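Student: Quick one: sequence plus predicted model below, questions after.
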Amino acid sequence: MIHSSFEFDQEQGLNIFAVGAHCDDIEIGCGATLLKLFATYPIGKVKWIVFASNPQRRLEAIASAEQFLSEVQDKEIVVLDYRDAFLEQKKFEIKEQFEFYKKDFNPDLVFTHYRHDRHQDHRLLSDLAWNTFRNHCVLEYEIPKYDGDLGIPNLFVEIPEEVADRKVQILLDCFASQAGKHWFDRETFLALMRIRGMEAASHGRYAEAFHARKIVF
C-alpha cells in the first residue's frame, strides 16, 4: 500500500519535486499552483526535472522554469534530452534518474502526471514517481490535449486571477516553438482553469485540479 502524507518543517520550508515528461508539462499542469505555494509558504528547495527535450525546447524550458522559480532561492532545474514519445524505451535509465534525484532530498510534495493520461511518456513518469516516492504526498496534474483524457480530479487549488494570468503569460512568452499548435493558446489554458474553478465553487474564477490518490491528514 502506498502511504501519502503532507506535512513539513516550517523552519526548513516546503520541499517540492516537480517532474514533467516534456518541456511545458509542469507549467501547464501545476504552474499556477506552484506560484501560489511559493507566495504562501516558506520554501526549502524545489527540484524541477524535465525528461524529453531538444536543443530549442531545452532553452525554452530553462527560461520558463527560471521565471516560475524566480522567488525560490534554493532550486535545481534539470532538462534532460530523452526523445519525445520514446521514454518507455529508456524506462530503466529513467528509473535510475529518479533514484539519483531522490538522494539527499525528501520532498514534502511531488507533482507528476495523471496516471491515466493517454500519452505514454506521461503514464510512465507517473508510475515511476509513485514507485520512487512511496511515503510522500503525490499530486497528479492534468494536461489538456487531443486525446480527451481529462479525468475527474478530487483535489482543487483555488487560483487568483493574477496568478492564472502570470502562468499563461510565461507559457506564451517562453515557448515560442509551440505557438503554431492549434491548442497552445491563452484560451485553452484559461478554459481548463475556469472549468476547474467552477467545479470547485471557487471564490474566484480559476482553479487547478489534481488526482490525490492517497492522503493522510
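Tutor: Yes, it's here.

Student: Run through who's touching the longest helix seen in the chain.
Tutor: Counting residues, the longest helix found in the chain (DSSP state H) is helix 25-40. Residues external to helix 25-40 that are found in contact with it (CB atoms under 8 Å, 6 or more residues apart in numbering): 14, 16, 18-20, 43, 46, 48, 50, 64-65, 68-69, 71-72, 109, 111, 113, 122, 139, 141-144, 157, 159-160, 163-164, 166-167, 170-171, 189, 193, 206, 208, 210. Any C-beta I mention is one placed from the backbone N, CA and C, and that applies to glycine too.

Student: Just the ones of those residues in helices?
Tutor: Reading helices off these with DSSP H, I get 64, 65, 68, 122, 163, 164, 166, 167, 170, 171, 189, 193.

Student: among those, which ones are buried?
Tutor: 64, 65, 68, 122, 163, 164, 166, 167, 170, 171, 189, 193 (16 or more other CB atoms under 10 Å).

Student: and residue 92, how many neighbours?
Tutor: By other CB atoms under 10 Å, 8 other residues sit near residue 92.

Student: ah, wrong one, I meant residue 52
Tutor: 24.

Student: and the longest strand for this protein?
Tutor: When the chain is parsed with DSSP state E, its longest strand is strand 43-52.

Student: I'd like the distance from that one to the chain centre, please.
Tutor: Centroid separation for strand 43-52 versus its chain: 9 Å, with CA atoms, centre = their mean, to the nearest Å.

Student: And it, what does it pack against?
Tutor: Packed against strand 43-52 by the contact rule (3 or more CB pairs under 8 Å, 6 or more residues apart in numbering; DSSP states H and E) you find strand 14-20, helix 25-40, helix 55-68, strand 75-82, helix 91-102, helix 120-132.

Student: Nearest approach to residue 180 belongs to which of the ones you listed?
Tutor: helix 55-68 (13.1 Å; CB to CB).

Student: State the mean pLDDT of that closest one.
Tutor: Helix 55-68 shows a mean pLDDT of 98.

Student: For that helix, what is the distance to the chain centroid?
Tutor: The answer for helix 55-68 is 14 Å, by CA atoms, centre = their mean.

Student: That one: which residues count as buried?
Tutor: 57, 58, 60, 61, 62, 64, 65, 67, 68.

Student: Reformat those residues into a markdown table and put distance to residue 97 next to each item.
Tutor: As requested, the buried residues of helix 55-68 are exported to a markdown table (distance: CB to CB, whole Å):
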| residue | distance to residue 97 |
| --- | --- |
| 57 | 18 |
| 58 | 16 |
| 60 | 21 |
| 61 | 16 |
| 62 | 17 |
| 64 | 21 |
| 65 | 17 |
| 67 | 24 |
| 68 | 21 |
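
Student: Give me the most central residue, the protein.
Tutor: For the chain, residue 26 is the residue whose C-alpha lies nearest the centre (CA atoms, centre = their mean; 3.2 Å).

Student: Would you quantify the distance from it to residue 77?
Tutor: Between residue 26 and residue 77 the computed distance is 10 Å (CB to CB, to the nearest Å).

Student: residues shared between the contacts of those two?
Tutor: 48, 65.

Student: quick one: buried residues of stretch 113-125?
Tutor: 113, 114, 115, 117, 119, 121, 122, 123, 124, 125.

Student: I misspoke; the intended subject was stretch 106-113.
Tutor: Applying 16+ other CB under 10 Å to stretch 106-113 flags 107, 108, 109, 110, 111, 112, 113 as buried.
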